[in-house]
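**Student:** Fold the following for me, if possible:
(2 chains)
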Amino acid sequence: MESNPGTTETRSNLTASDGGQVTAFESLQFTDEIHRLILAPTTINASSFTALVELPPPQAVELLHSPDSTKFIAAKPPNVEDFKGSFRFPSNTSLIEPDARFSVFSGEANNGNENRDSPVSKILNSNLEKAVKSEPAETESAQPLVSDPPVEKRRIKRKGRENKVKGSTKKSKTAVNESSEDAEKLPYVHVRARRGQATDSHSLAERARREKINARMKFLQELVPGCNKISGTALVLDEIINHVQSLQRQVEFLSMRLAAVNPRIDFNLDSVFTSESGSLMDSNFPGLVMPVMWPEVQGDGHRQQYQHQWNSDALQQPVWGREVHNNYITPEKSLLTYDSSANSVTLQANQLKMEL
Amino acid sequence: MDLHNLNPSSLKSRFTTRFLRALTEINARKPIASSSSPREIFQRYRRIKDAADTSMAYSVRSRRTWSKATLWRLRTPSHRRRLASFGRRSSLNKTRTTTTASHRGAVVVQITSRGGGLGVQLEELRELVPGGEAMDLCNLLDETAHYIKCLTTQVQVMRTIANLYSLE
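**Tutor:** So this is what the prediction gives:
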């Protein structure tokens, strides 16, 4: 490519001059860059550009214009705006997309904030650590517009990252996920010291710990009914302890109940389903349950479905309390319908009815 | 009401499946005569309760400390448990002494109060939540929350099953 020598020269200049810092100067140059990009698409070396984007030229050119930038901006304005040197990895999802490259250009051009550029480049730097591959040749050939030395480095980094991404978008997502998780696991938690509070590391750590504990206590308060009105950790803990004890006791009582009740029925899964449906029919329980269940009774192949249906039905306690529908088929007729389907389920249903 | 779309891999359905299978197995092993002595019923009750706890703990796998502790409690015979817990607890908790033998076969930790009104309740909570003895407050609260959620599910399912069978 005829642009290669120029870009290599600029790259060498860059490595010599650049101290690894992003300055406003760079950002200004960058915005100039972007303006050039946007305003003069025809000057782009068509072959390289399309090779970069892997799109036909008109669509590629369209990427440079506002639609993508608006998409980009509309998608992630808060993240972008909140850059204060803290990593905001969700914004990278749009950066990482292959066509977002250009939207980044246009987006940054549109905003033109200086403090946005440095965090962006920080993100790029950090992503560079994660992305390993870089293909300088392709970078240079694909970036004929890149003639500014400070921008070159950034481009290469981004390109490197995107090379990694080009493999699959899934990878990019996982990279983003990893990076976002890393952000959460950063060793330094930025806790803002309130007025009048000590700021040494011990008290900060302790305060963070206390806040964690308080958050969990609040969650527990919501979980345990009737705990919201109580104030004071000790009483809340008392309530929680009572609740746990009562739940454990309930489990014991219910298992005793089951032990006493069991004798009459075998817990064959089939019989469980049929007995459940039988019990529903007998007691004429409302059935949103019932008309739903009957189409499900198809045989063994559908048992799984049936089981889930049963689960959903049986486990809805409010079902028991609903109003009775009048136009339900009587138990006898339902038994007949079971008969007509003629599968193992029906036979067992009848047997159960006989036994009981 | 969401009748059709119950998540087949939710905690509830996982627990239900396992529990029903366990109940079937218990019934198959010891088919109940209509006249059961109280002792037999008590045995059944114990087995059913263990089955419920095990199936709940299994549904959570070993992702949680309490589930691990429950499974361990129900798997290891009590004498080995005593020995292991002596070693474990004495190394971890110097302020506590351990005793053994509750009616559940679980090791009960005799707790010495650590001072501060909060300490007593914390110890109680540790006692209640299985596996809670060796956890700091932060994780203990986490475990308690998850444990409460699972217990609620368990109670719900068991109550439904008991209702079903008592209606028949």
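**Student:** Any stretches of chain A with poor pLDDT?
**Tutor:** Scanning chain A for pLDDT under 70 picks out A:1-194, A:262-356.
**Student:** Scan chain B for its longest helix.
**Tutor:** The longest helix of chain B (DSSP state H) is helix B:137-167.
**Student:** Give me the contact status of that helix with chain A.
**Tutor:** Yes - counting by Cβ under 8 Å from any Cβ of the partner chain, chain A has neighbours in helix B:137-167: B:137-138, B:141-142, B:144-145, B:147-149, B:151-152, B:154-167. Where you see a C-beta, it was placed from the backbone N, CA and C, and this is true even at glycine.
**Student:** repeat for stretch B:58-76
**Tutor:** No - remark: stretch B:58-76 sits outside contact range of chain A, by Cβ under 8 Å from any Cβ, the gap being at least 10.8 Å.
**Student:** now the end-to-end length of that stretch.
**Tutor:** End-to-end span of stretch B:58-76 (Cα to Cα, to the nearest Å): 15 Å.
**Student:** So for it, mean pLDDT?
**Tutor:** Mean per-residue pLDDT for stretch B:58-76: 83.
**Student:** so how far is it off the chain centroid?
**Tutor:** Relative to the centre of its chain, stretch B:58-76 is centred 8 Å away, using Cα atoms, centre = their mean, to the nearest Å.
**Student:** can you pull the buried residues of the longest helix of chain B?
**Tutor:** B:137, B:140-148, B:150-151, B:153-165, B:167 (16 or more other Cβ atoms under 10 Å in any protein chain shown).
**Student:** ok, residue B:119 to residue A:234 distance?
**Tutor:** Using Cβ to Cβ, to the nearest Å, one obtains 10 Å as the distance from residue B:119 to residue A:234.
**Student:** Please disregard the earlier target; I meant residue B:139.
**Tutor:** Applying Cβ to Cβ to residue B:139 and residue A:234 gives a distance of 20 Å.
**Student:** Enumerate the residues of the stretch 101-250 of chain A near chain B.
**Tutor:** A:209, A:212-213, A:216-217, A:219-220, A:223-224, A:233-234, A:237-238, A:240-241, A:243-245, A:247-248, A:250.
**Student:** Show me the residues you listed that map onto helices.
**Tutor:** Mapping those onto helices (DSSP H) picks out A:209, A:212-213, A:216-217, A:219-220, A:223, A:233-234, A:237-238, A:240-241, A:243-245, A:247-248, A:250.
**Student:** Next, name the residue at the spatial heart of chain B.
**Tutor:** Centrality entry for chain B: nearest residue to the mean C-alpha point is residue B:53, 4.3 Å, by Cα atoms, centre = their mean.
**Student:** so that residue sits right up against residue B:69, yeah?
**Tutor:** No - with contact defined as Cβ atoms under 8 Å, residue B:53 does not reach residue B:69; the gap is 10.7 Å.
**Student:** Now stretch B:17-32: average pLDDT?
**Tutor:** The model assigns stretch B:17-32 a mean pLDDT of 78.
**Student:** Going by neighbour count, which residues in that stretch are buried?
**Tutor:** Neighbour-count burial for stretch B:17-32 flags B:17, B:18, B:19, B:20, B:22, B:23, B:24, B:26, B:27, B:32 (criterion: 16+ other Cβ under 10 Å).
**Student:** Just to be sure, the fifth one is in a strand?
**Tutor:** No - with DSSP: H, G, I helix; E, B strand; the rest coil as the criterion, residue B:22 is helix rather than part of a strand.
**Student:** residue contacts, the nearest residue to it once chain neighbours are set aside?
**Tutor:** Nearest residue to residue B:22, sequence neighbours excluded (Cβ to Cβ, 6 or more residues apart in numbering or on different chains): residue B:51, at 3.8 Å. Counting by Cβ atoms under 8 Å, 6 or more residues apart in numbering or on different chains, residue B:51 touches B:19, B:22, B:23, B:25, B:26.
**Student:** The second one reaches residue B:53, doesn't it?
**Tutor:** Yep, that's residue B:22 we're talking about. No - between residue B:22 and residue B:53 there is no contact under Cβ under 8 Å: 10.2 Å.
**Student:** Need the overlap of contacts for these two.
**Tutor:** When contacts are counted by Cβ under 8 Å, 6+ apart, the set common to residue B:22 and residue B:53 is empty.
**Student:** returning to that earlier point: and which of the contacts of residue B:51 is nearest chain A?
**Tutor:** residue B:23 (4.4 Å; Cβ to the nearest Cβ).
**Student:** That closest one touches residue A:258, doesn't it?
**Tutor:** Yes - contact criterion Cβ under 8 Å: residue B:23 and residue A:258 qualify, at 7.2 Å.
**Student:** and for these two, which residues touch both?
**Tutor:** With Cβ under 8 Å, 6+ apart, residue B:23 and residue A:258 have common neighbours B:48, B:161.
**Student:** can you list the weak-confidence ranges in chain B?
**Tutor:** B:1-6, B:31-36, B:81, B:85-117, B:168.
**Student:** Give the helix, strand or coil label for residue A:230.
**Tutor:** Under three-state DSSP, residue A:230 falls in the coil class.
**Student:** For it, give its distance to chain B.
**Tutor:** The gap separating residue A:230 from chain B is 13 Å, by Cβ to the nearest Cβ, to the nearest Å.
**Student:** Phi and psi next, for that residue.
**Tutor:** Residue A:230 adopts backbone torsions of phi -80, psi 140, taken as degrees, to the nearest 10.
**Student:** For it, give me its contacts.
**Tutor:** Residues counted as contacts of residue A:230 (Cβ under 8 Å, 6+ apart) are A:221, A:236, A:239.
**Student:** Let me see the ranges of the strands in chain B.
**Tutor:** Counting by DSSP state E, residue ranges of the strands within chain B are B:97-98, B:109-110.
**Student:** Tell me which residues touch residue A:219, please.
**Tutor:** B:141, B:145.
**Student:** hmm, 7 Å instead?
**Tutor:** Neighbour list for residue A:219: residue B:145 [criterion: Cβ atoms under 7 Å, 6 or more residues apart in numbering or on different chains].
**Student:** before we move on, the earlier item: would CSV of the contacts of residue B:51 with distance to residue B:9 be doable?
**Tutor:** Below are those laid out as CSV (distance: Cβ to Cβ, whole Å):
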residue, distance to residue B:9
B:19, 16
B:22, 19
B:23, 21
B:25, 22
B:26, 25
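**Student:** count of neighbours near the residue nearest to residue B:158 when sequence neighbours are not counted?
**Tutor:** Nearest non-adjacent residue to residue B:158, counting by Cβ to Cβ, 6+ apart: residue A:254, 4.1 Å away. Residue A:254 is flanked by 23 other residues according to other Cβ atoms under 10 Å in any protein chain shown.
**Student:** returning to that earlier point: tell me the one of the contacts of residue A:230 nearest chain B?
**Tutor:** Nearest member of the contacts of residue A:230 to chain B, counting by Cβ to the nearest Cβ, is residue A:236, at 9.2 Å.
**Student:** follow-up on the earlier one: in which helix or strand would I find the residue nearest to residue B:158?
**Tutor:** helix A:233-261 (DSSP states H and E).
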